[in-house]
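Peer 1: when you get a sec, could you give me coordinates for this:
(2 chains)
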2 protein chains.
Amino acid sequence: MAPQLEPFFKQVDDLSGSFINRLRKAVAIPSISAQDENRNDVFKMADFLASELKALGAEVLQRPLGKQPGKEHLDLPPVVLARYGNDRDKRTILVYGHYDVQPALKEDGWATEPFELTVDNKGRMFGRGSTDDKGPVLGWLNVIEAHKKAGVDFPVNLLCCFEGMEEYGSEGLEEFIYSESKGFFKDADAVCISDNYWLGTEKPCLTYGLRGCNYYSVSVSGPAQDLHSGVFGGSAHEPMTDLVNVLSKLVDPQGNILIPGINDLVEPVTEEEKSLYTGISYTMENLHESLGSETGIHPTKERTLMARWRYPSLSIHGIEGAYSAPGAKTVIPAKVTGKFSIRTVPNMESSDVNKLVFDHIKSEFSKLDSKNTLDVWLQHDGKWWVASPKHWNFAAASKAVKQVFGVEPDMTREGGSIPITLTFEEATGKNVLLLPMGSSTDAAHSINEKLDKRNYIEGIKLLGAYLHYVAEEPATA
Amino acid sequence: MAPQLEPFFKQVDDLSGSFINRLRKAVAIPSISAQDENRNDVFKMADFLASELKALGAEVLQRPLGKQPGKEHLDLPPVVLARYGNDRDKRTILVYGHYDVQPALKEDGWATEPFELTVDNKGRMFGRGSTDDKGPVLGWLNVIEAHKKAGVDFPVNLLCCFEGMEEYGSEGLEEFIYSESKGFFKDADAVCISDNYWLGTEKPCLTYGLRGCNYYSVSVSGPAQDLHSGVFGGSAHEPMTDLVNVLSKLVDPQGNILIPGINDLVEPVTEEEKSLYTGISYTMENLHESLGSETGIHPTKERTLMARWRYPSLSIHGIEGAYSAPGAKTVIPAKVTGKFSIRTVPNMESSDVNKLVFDHIKSEFSKLDSKNTLDVWLQHDGKWWVASPKHWNFAAASKAVKQVFGVEPDMTREGGSIPITLTFEEATGKNVLLLPMGSSTDAAHSINEKLDKRNYIEGIKLLGAYLHYVAEEPATA
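Peer 2: Okay, the predicted model is just below:
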C-alpha cells in the first residue's frame, strides 16, 4: 500500500457519517434540469457545490453558459470549475461530473420521498441523484476533506468540471470544454469521469470504451391527408405498408444488421481480445435479471458482452405519424416516419455508415414499386470511443481497485454513449478513464434510485487511492 | 311524372328559404356526442327535432337509452321516434338519420364559425352537421311540410328513427332496433337511410353495398420494461423488430393481401358485374383529387372501384407502445401492439377470416425464431352488407332520381362500413336502401363541412318523390 493511504482510509471511515450527511443535503436540492420550474434549484445546487469546495480550500469559479437555446427566458446553469492544488511537480487530474438530476415524483412509484435520502437496513441509500451523479461528485469533495483532516499531502493537482445540464443534453458544454482546453483545463495530464456503473453488484470495473450512435429517420408520404381505410383501402398506396416493409429489411430478429457493407466496417476480433471476455464477472443470470425475462439472443456471456460492447446493433424505436393510441382507429396515415438507430463501434465512420444506410433503404424502397415518396436522413450522430487501458491513468485506477476491493477490476466497455467522454479526449488530447462508483442495480433515471453505502464509502477510498497511484505511476504515453 | 309531384316540387322551391332557415337553427345547436360538456346540446337537438315533428302533426316519442356505458354520470341521448300517417292501405317506410355531430372548433382551421350556417355565393352552406346528418334528417321534415302546405296527400306512412350517438359508436342503438323491430318498427315495409354521399359532385347514386371490417391487434412482448438500446441493442430480442417483420407479411405495397386463403373467400366477379363499373360516373382524376396525390394503385377507374367496393383490403394503422413522438429517443420498447384491419366483402365470414389471420401471423412469427411472445386478437368486427338493387325500394328511388335530376343514378357500393345498415336489415328483415343527399366534396368529419344548396333543396324533392314512387311501385320481394 502507498504509505499515505492507511490514514486516508481510516479518515474516510471516521467521516462516513458526515459524508452521508453531505449527500443528504445534496439530494434534498431537486436540481432537475429538464423542468423549468426547478431551474432555481439547479442554481442552488451549483452554489452548494461551490461553497463546499471553497470551504475545503479550492479555488472555485461558476462559469455561465448563457441562455438556454429554445428557452431564452431560462439561464443555463453554470459550470462549476474548481482547482485544488497548483504544484508543478504533481500531475494534474481533471475530473468531470454533473450536479443536475432526472425528474422524480413520489407518485411515479417511489417507495420513499425521492428528495429525502433514506437509508435502509441493507445500507441502500435511496434518493434521486444519489448515484447519478451527486454521490460520485461529492466523492471528490470527500477525498479532499479526508486528506485535510488526516493531514495527508494531496497527491495531485485536482481540476473539477461539474455541469448542471447533463440530463438535458449537456447544452453548451461541448463548446465550453473545447474553449477551456487551452484555458482552465490546459494543465490536465489525464481525465477521470465517474458517471457510469459496475457491470454487476460485486466487482468494480474500469471502462475504456463506449459505442457511438447514429440516429435515423425514414419517412414515407403519399396522400395529402390521412385517409379513411374503408374508402381508400386497396386503391391507394399506403405509406405505412411501405414503411413497415422497409423497416423489416434493416435487422433480423437475431440482431443481425441486414444493411450490406455495415459489418465490413467492424474491426475484426483478435484472439487476444476474445480471451478478455471470459474473465469478466458477468453471467447470463445477470442479463436475465436486467431484462426481467429470458429473451436474450446469445447463449453465452462472452457473445452477449461482445454484442453489447464491440459489435454494432440496430434498434427500431417507433413510428411517428401512425395511430399510436390504445383502441381502434381505421385511419390510413398520410405520412409516417420510422425512427431507428445504429450503435457504432470501431472502425465505423459515421459518413460511411450513413451512405450504406441511405443506399440500402432507397434500394429496398425502389423494389416496392410504390408511388409514395421516401426520405431518409440522419437525426444525429455521436462517435464511439475506445481508450487505451494500458495507459498509466488506467494502471493507477487498477491498482486502486486492487487496494480498496482486493480484486482486479473488470476492464469493460459500455454499449451506450457518454458523448462528453469523447469530447474530453478530443479537446484535451489526454487519456480519459471512466471510473464508476455505483453498481448495476442503482436504477439511475428510474424510480427508487439508490447508491449503496458500501459503494459510496469504499468509492471515496477508491477515488483517493486512484489519485495516489496516479502520482507514482510511470508515464506510458 | 306522378301527378302530385309537380305541386310538391313547387312548394319545396317556395319554402326553400324556410328550409335553409330550419337547417340554420339545427346547425346552431352544437350537438357533439363525443364531448361530455355538449351532452345538454345533444338533448336540446332532440327536443328541437321532436317539437318540429310535432308541429308538423307527427306522433313523436323520445325513447331513453339509459346511462352511457363507461361514463355513468351521463345519460345517453334519446332516440327520437316519429310516425306520420297510419293508413293500412299505404306502404310504411322507416327512415333513419342522426342528429349528433362531430366536434368542431374554429381554430381547427374552419373559414367560418362551425356552428353558424354560412352560405357563400356558390350556394355552399358551411356548418358542422350541414351534410352529416342534419341536412338529410331535416329533409324528411321538409318533405312533410311541403306536402301539407301544397295540400298533397302524403303517399306513405313514415316512421322516423333519429339517433343522437352516431358519431360516438351508436351506443345502445343496435339492441334498441332489435327490440323495436316487433314494436315501433313492425309495420315497416322497407328502410331508407340518408347518411352517405354521392360518388362525385354531379350525379346522384343509390348505394346497395358496404364492406365489413375486422380490426385486429397483434402484440409482441419480451423484456419486463423498456430497455436502453445502447445497453441491450444486439443482445436482446427486440419486440419491435419482430412486430415489423410480422406486419410486413400481411399485405404488399400493391395492396395484395398476403394471408393465404383470404382471397379464396372472395366471391368471384361475373362478367355481368364487371360491366357495371364501366358506366359509373367516376374518373381517375376524381381519385387523385380526393387523395391529393397521384398515388393510386390501379391504372383504371374500373379496377379502382372494384378494389374499393368488392375486394378486401388490409391497412396497417399504427403501433401502440413504440416511440411515436417527434424527436429522437433511443428506447427499445418492451411491448408493442400493431393495429391493422381487413375490409371484408362477400362471402368472407368473420370467423373464417380470423382463423386465417391468426394462423398466418403465428406461422410467420414462429419462423422468426424469437424468444419474445406474440399474441393476436380481434378487436371488433362488422359484417359486409349487400342488398338487392332490384327490389322495389331501389326501383322507386331510381325513378325519383330520374325525375328530379334527369339522369339514371349510379348504383354504387361503398368501401367503408355503416354498421347500422346491416342491423336494420337483420332486425326488420326488410330491404334497406342508402339514398344519399350530399356530394363527395362535403367534407363530413372535416373542417369546412358543407352541404350544397342544390343538394339540399333537390334532395328534399328526391326524398319526397321517392315516397311517391314507393307508393306505386309493384312488389318485388
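Peer 1: separation between residue A:125 and residue A:452?
Peer 2: Between residue A:125 and residue A:452 the computed distance is 7 Å (Cβ to Cβ, to the nearest Å). Any C-beta I mention is one placed from the backbone N, CA and C, and that applies to glycine too.
Peer 1: repeat that for residue A:193.
Peer 2: In this structure, residue A:193 lies at 20 Å from residue A:452, with Cβ to Cβ as the measure.
Peer 1: partner residues bridging residue A:84?
Peer 2: Residues found in beta-bridge contact with residue A:84 (criterion: DSSP bridges) are residue A:158.
Peer 1: can you count the residues close to it?
Peer 2: Residues within reach of residue A:84, counting by other Cβ atoms under 10 Å in any protein chain shown, total 22.
Peer 1: tell me the pLDDT of it.
Peer 2: The confidence metric pLDDT takes the value 98 at residue A:84.
Peer 1: contact partners for it?
Peer 2: Residues near residue A:84 by Cβ atoms under 8 Å, 6 or more residues apart in numbering or on different chains: A:53, A:56-59, A:144, A:154, A:157-158, A:160.
Peer 1: grab the longest helix from chain A for me.
Peer 2: Ranked by residue count under DSSP state H, the longest helix found in chain A is helix A:453-472.
Peer 1: flag every buried residue along that one.
Peer 2: Of the residues in helix A:453-472, those buried under the neighbour-count criterion (16 or more other Cβ atoms under 10 Å in any protein chain shown) are A:453, A:455-471.
Peer 1: give me the number of residues near the residue in the stretch 1-150 of chain A that chain B sits nearest to?
Peer 2: With Cβ to the nearest Cβ, the shortest gap between the stretch 1-150 of chain A and chain B falls at residue A:109, namely 11.6 Å. Neighbours of residue A:109 under the rule other Cβ under 10 Å: 9.
Peer 1: what of residue A:124?
Peer 2: Other residues within reach of residue A:124, judged by other Cβ under 10 Å, total 18.
Peer 1: bridged to it, which residues?
Peer 2: residue A:452.
Peer 1: test my guess that it contacts residue A:449.
Peer 2: No. Using Cβ atoms under 8 Å as the test, residue A:124 is too far from residue A:449 to be in contact (10.3 Å).
Peer 1: how far away is the residue in the stretch 51-200 of chain A positioned nearest to chain B from residue A:49?
Peer 2: With Cβ to the nearest Cβ as the measure, the residue in the stretch 51-200 of chain A that lies nearest chain B is residue A:197; the distance is 10.0 Å. Using Cβ to Cβ, one gets 22 Å for the distance from residue A:197 to residue A:49.
Peer 1: which one of these two has more residues nearby?
Peer 2: In this comparison of residue A:197 against residue A:49, neighbours counted by other Cβ under 10 Å, the higher total goes to residue A:49 at 27 against 22.
Peer 1: ok, the more buried one touching residue A:81?
Peer 2: No. Under the contact definition of Cβ under 8 Å, residue A:49 does not touch residue A:81, with a separation of 10.6 Å.
Peer 1: overlap in contacts of these two?
Peer 2: In the contact map built from Cβ under 8 Å, 6+ apart, the residues linked to both residue A:49 and residue A:81 are residue A:162.
Peer 1: number of residues surrounding the residue in the stretch 351-477 of chain A that chain B sits nearest to?
Peer 2: Nearest residue of the stretch 351-477 of chain A to chain B, counting by Cβ to the nearest Cβ: residue A:416, 2.6 Å away. Under the neighbour criterion other Cβ under 10 Å, residue A:416 is assigned a count of 18.
Peer 1: check the one 3 residues further on too.
Peer 2: As a burial measure, residue A:419 scores 18 neighbours (other Cβ under 10 Å).
Peer 1: helix or strand: which one has the residue lying farthest from the centre of chain A?
Peer 2: Distance from the C-alpha centroid of chain A peaks at residue A:231, with 49.0 Å (Cα atoms, centre = their mean). Element membership of residue A:231, judged by DSSP states H and E, is helix A:229-232.
Peer 1: following the chain onward from that helix, which element is next?
Peer 2: From helix A:229-232, the next helix or strand downstream (DSSP H and E) is helix A:239-247.
Peer 1: would you mark the buried spots in the helix or strand following that following helix?
Peer 2: Next helix or strand after helix A:239-247 toward the C-terminus (DSSP H and E): helix A:271-278. By 16+ other Cβ under 10 Å, the buried positions in helix A:271-278 come out as A:276-277.
Peer 1: which residues touch helix A:271-278?
Peer 2: By Cβ under 8 Å, 6+ apart, the list of residues contacting helix A:271-278 reads A:301-302, A:305-306, A:310, A:411.
Peer 1: now tabulate those residues in JSON lines and tack on secondary structure and pLDDT.
Peer 2: Shown next, in JSON lines, are the contacts of helix A:271-278 (DSSP: H, G, I helix; E, B strand; the rest coil; pLDDT from 0 to 100):
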{"residue": "A:301", "secondary structure": "helix", "pLDDT": "96"}
{"residue": "A:302", "secondary structure": "helix", "pLDDT": "96"}
{"residue": "A:305", "secondary structure": "helix", "pLDDT": "96"}
{"residue": "A:306", "secondary structure": "helix", "pLDDT": "97"}
{"residue": "A:310", "secondary structure": "coil", "pLDDT": "97"}
{"residue": "A:411", "secondary structure": "strand", "pLDDT": "95"}
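Peer 1: for the most centrally placed residue in chain A, give me its contacts.
Peer 2: In chain A, the C-alpha nearest the mean C-alpha coordinate belongs to residue A:418, at 4.0 Å (Cα atoms, centre = their mean). Going by Cβ under 8 Å, 6+ apart, residue A:418 touches A:193, A:195-196, A:210, A:434.
Peer 1: hmm, try it at 6 Å
Peer 2: For residue A:418, the contacting residues are residue A:210, taking Cβ atoms under 6 Å, 6 or more residues apart in numbering or on different chains as the criterion.
Peer 1: again with the one 10 residues further on
Peer 2: By Cβ under 6 Å, 6+ apart, residue A:428 lies in contact with A:181, A:185, A:188.
Peer 1: can I assume the last one sits in a helix?
Peer 2: No. Note on residue A:188: no helix contains this position according to DSSP: H, G, I helix; E, B strand; the rest coil, which reports coil.
Peer 1: what residues are up against it?
Peer 2: Applying Cβ under 6 Å, 6+ apart as the definition, the contact partners of residue A:188 turn out to be A:92, A:94, A:159, A:428, A:430.
Peer 1: and if we set it to 8 Å?
Peer 2: By Cβ under 8 Å, 6+ apart, the contact set of residue A:188 is A:92-94, A:159, A:428, A:430.
Peer 1: and what of the second one?
Peer 2: Contact partners of residue A:185, counting by Cβ under 8 Å, 6+ apart, are A:94, A:159, A:161, A:177, A:427-428.
Peer 1: recalculate using a threshold of 7 Å.
Peer 2: For residue A:185, the contacting residues are A:94, A:159, A:428, taking Cβ atoms under 7 Å, 6 or more residues apart in numbering or on different chains as the criterion.
Peer 1: look at the first one and report its pLDDT.
Peer 2: I take that to be residue A:94. We have a pLDDT of 98 for residue A:94.
Peer 1: ok, for it, nearest residue in space, not its chain neighbours?
Peer 2: Ranked by Cβ to Cβ, 6 or more residues apart in numbering or on different chains and with sequence neighbours excluded, the top spatial neighbour of residue A:94 is residue A:188, at 3.9 Å.
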